[in-house]
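Q: only geometry, no sequence info:
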């Protein structure tokens, strides 16, 4: 018993990562960078391909890249990378309408009432389009709308910094391989197949049996085996908790399309378009465009989904108009929305898809990987690499909070629709119930009725609020808010905010003229990033 206790609280001196891909090599890179005294081994199977779809990110990827000391010029050209300034949601609220979730810092310098100012504007001027919300608070939207980039060294664009306010679109498989080659030379890299996971009498992993390298042992095992979850679920029996009660998409058809005119088609956004039984992503990389149809088999089968995808490609991509779409290579991916009950169990932590997966709509996959890596590194460094159950419990609790927040944030994009043109959208708009009371469902329900103060809603949520026409100020709500001051009618509020509206108009005009003179996304990348290739 004494030896068992010592092992449970042992110092972590060796780690084995099972599985490569972006999650495996990102984890290995961070361990080598931040905890170099740990011996790290990574086992990659020659027989198991990576999922290789995660080509779009959000700003959390910047935190990871900065933590390992990478600048754009170091890696982008090796990973087919482009910039990403926003996520565009087309035909989500209703057909023919779109809204954005831009990245970066909102400008409140002229907006005395925070995001309330725009909702007051919408109340006073009801014909204001929903796209005006992001154009008011994110000055760089003028550049994004015209697909232009300005490096902004002279701060012409207020509150915009290219290294802080752009995410990336890239080939995740290439990123993993590049990290392996350039940053993981101290990792013991093994190309082999794990044939068995050996457990001791307490149910902890004692070793891994491999086909060609025999038994391998470590103090901590990291599961990066993707949806298979070979260590956490299949060997240690940690159950999976599904999100498919509210996130029903569970399959995707993916393909790649060449450019006709990259100056036009290499957008600064990931465009997500709602179609009959799900949505289609458009991810422009430097050499080609990644396309995928995420759908639910609750309403459509696999083959009909492929037919729908091809029909969408015919009308939405210039290349497909003059070429046979059957020439493209299509690949199907089965997915399961949800996470395991624990990320860290005994002497195993799962990172990436082996821990969980939430609907790819908000490009959160690599963000979750980054969050898990941060918590693992922090735990290892807190007290000289000694780990006990308290550490594992803290990581599990924080990750559960994190993924719950993602779950309901992503679901909110569907909750707010008024589409009822197919059974899929009718289910979301008329039949889906939000679920039991949690902090996150409470946040969603309460924001339906409270004002949109910048302190009440985070950037992404308020973008979806505006995009879904949840107009938090109406004649009725204003009377409730101003019941003690009935003199504060529309004319008074109009006078209060007219200076701010005038500022937005003049600022956007100035940046729009700047955009006309600036390089396209493609031109900027070719000159600044790909100029050595």
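A: Arrived safely, thanks for sending. None of the values given here were measured: they were computed from a predicted structure.
Q: and residue 203, what helix or strand is that in?
A: Residue 203 is part of no helix or strand, with elements assigned from DSSP states H and E.
Q: which residues touch it?
A: 236, 346 (C-beta atoms under 8 Å, 6 or more residues apart in numbering). Every residue, glycine included, has its C-beta placed from N, CA and C.
Q: mind checking pLDDT for it?
A: Per-residue pLDDT puts residue 203 at 95.
Q: Also the one 10 residues further on?
A: Confidence per residue is given as pLDDT, and for residue 213 that number is 95.
Q: phi, psi of it?
A: The phi/psi pair for residue 213 (degrees, to the nearest 10) reads phi -120, psi 10.
Q: Can you name the residues that contact it?
A: 190, 192.
Q: If we use 10 Å, what do you get?
A: Residues near residue 213 by C-beta atoms under 10 Å, 6 or more residues apart in numbering: 41, 43, 190-194.
Q: what's the closest of those to residue 218?
A: residue 41 (6.8 Å; C-beta to C-beta).
Q: The residue nearest to the closest one when sequence neighbours are not counted and residue 15: what is the separation?
A: Counting by C-beta to C-beta, 6 or more residues apart in numbering, residue 41 lies nearest to residue 188, which is 4.2 Å off, once chain neighbours are set aside. Applying C-beta to C-beta, to the nearest Å, the value for residue 188 to residue 15 is 10 Å.
Q: tell me the contacts of the residue lying closest to residue 377 once chain neighbours are set aside?
A: What sits nearest to residue 377 in space, not counting adjacent residues and going by C-beta to C-beta, 6+ apart, is residue 34, at 5.0 Å. Listed by C-beta under 10 Å, 6+ apart, the contact set of residue 34 reads 67-68, 373-374, 376-378, 380-381.
Q: Select from those residues every entry located in strands.
A: Of the positions in the contacts of residue 34, not one sits in strands, assigned by DSSP state E.
Q: out of those residues, which are buried?
A: For the contacts of residue 34, a burial check counting by 16 or more other C-beta atoms under 10 Å picks out 67-68, 373-374, 376-377, 380.
Q: Identify the farthest-apart pair in those.
A: Greatest spatial distance among these (C-beta to C-beta): 68 and 380, at 15.6 Å.
Q: so where is this protein shaky, pLDDT-wise?
A: The chain contains residues with pLDDT under 70 at 1-9, 48-54, 434-458, 473-489, 533.
Q: what comes up buried for stretch 319-335?
A: Within stretch 319-335, the residues scored as buried using 16+ other C-beta under 10 Å are 319-320, 325, 328, 335.
Q: Kindly apply the preceding question to stretch 417-432 instead.
A: Neighbour-count burial for stretch 417-432 [16+ other C-beta under 10 Å]: 417, 419, 424-425, 427-429.
Q: In helices, which of those residues appear?
A: 424-425 (DSSP state H).
Q: The buried residues of stretch 417-432 into CSV, with extra columns for distance to residue 351?
A: Shown next, in CSV, are the buried residues of stretch 417-432 (distance: C-beta to C-beta, whole Å):
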residue, distance to residue 351
417, 33
419, 36
424, 32
425, 34
427, 33
428, 31
429, 36
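Q: Of the buried residues of stretch 417-432, just say which sits nearest to residue 255.
A: Nearest to residue 255 among those: residue 424, at 21.2 Å, using C-beta to C-beta.
Q: For residue 80, see how far away that closest one is.
A: Distance of residue 424 to residue 80, given as C-beta to C-beta: 32 Å.
Q: show me where the stretch 201-350 of the chain has strands.
A: In the stretch 201-350 of the chain, the segments counted as strands under DSSP state E, counting those that start in this stretch are 205-210, 214-216, 220-223, 240-242, 251-257, 269-275, 278-284, 289-295, 331-334, 338-340, 344-345, 348-350.
Q: right, I mislabeled it, should have said the stretch 51-200 of the chain
A: Here the stretch 51-200 of the chain has its strands, by DSSP E, counting those that start in this stretch, at 82-84, 86-90, 98-102, 167-169, 188-191, 194-199.
Q: Tell me which of the ones you listed lies nearest to residue 224.
A: Each of these has some distance to residue 224 by C-beta to C-beta; the shortest is strand 194-199, at 11.7 Å.
Q: Going by contacts, tell me the helices and strands next to the closest one.
A: Judged by 3 or more C-beta pairs under 10 Å, 6 or more residues apart in numbering; DSSP states H and E, the packing partners of strand 194-199 are strand 14-18, strand 205-210, strand 214-216.
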